[in-house]
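Asker: Give me a 3D structure for the following:
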Amino acid sequence: MNNKNARNIKNKGFTLIEVLIALLVLSIGLLGVAALQAKSQQFSRNAYLNTQATVIAHDMLERVRANPDGLKSGFYNNPATTQQTACYSVTGCNSQQMAQNDMFEWADDIANKLPTGKAVICIDSTQDDGIADAPACDGVGSIYAVKVWWNNINNTTQRVVTAAAF
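Answerer: All right, here's what the predicted structure looks like:
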């Protein structure tokens, strides 16, 4: 075998090291894509929970608007969470019972849609304060604040505050 043929044989194909380096680069790229996909799912889940909390907050405000007598009487300022079966009957219930039943149904909705969700509706002059275990409702003024807390996918507490003057 002459020298020229030996050189041609050496230059044919890839070496094992070149193939391993290519696989390493490809693997790192695929891991990056997988990490990007995981982060995207986390952000999507957090956005979904934020949307659910906003819908839940507005649901309570609509319940308040549907019971003007209960609103005027102040029954929606930190109402008791009590199921009132009379509200489901033909005879109906009074405005205080309706406020309590609204709070019961709302709390059930929160428990079903938000992980470790807590919420409060109250009269508050400083709506954007408080934490889940101490909502900081001062009872001053005429603005109702709906405060909703939950834990997101990173197990950090998130909050949505909606306020309305009726």
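
Asker: first to last residue in stretch 63-82, what's the distance?
Answerer: Start-to-end span of stretch 63-82 (CA to CA, to the nearest Å) is 15 Å.

Asker: where exactly do the strands run in this structure?
Answerer: Counting by DSSP state E, the chain has these strands, from start to end: 118-123, 143-151, 157-165.

Asker: May I have the shortest one exported as PDB, CA atoms only?
Answerer: Extracted C-alpha coordinates of strand 118-123, given in PDB (Å, rounded to 0.1, in the frame of the first residue of the first chain):
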ATOM      1  CA  LYS A 118     -58.100  31.700  50.700                       C
ATOM      2  CA  ALA A 119     -60.300  34.700  50.200                       C
ATOM      3  CA  VAL A 120     -62.200  37.500  51.900                       C
ATOM      4  CA  ILE A 121     -64.600  40.200  51.000                       C
ATOM      5  CA  CYS A 122     -64.800  43.200  53.300                       C
ATOM      6  CA  ILE A 123     -65.000  46.900  53.500                       C
END
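
Asker: That strand vs strand 157-165, what angle?
Answerer: Per axes from the mean of the first three to the mean of the last three CA atoms, to 10 degrees, the angle that strand 118-123 makes with strand 157-165 is 20 degrees.
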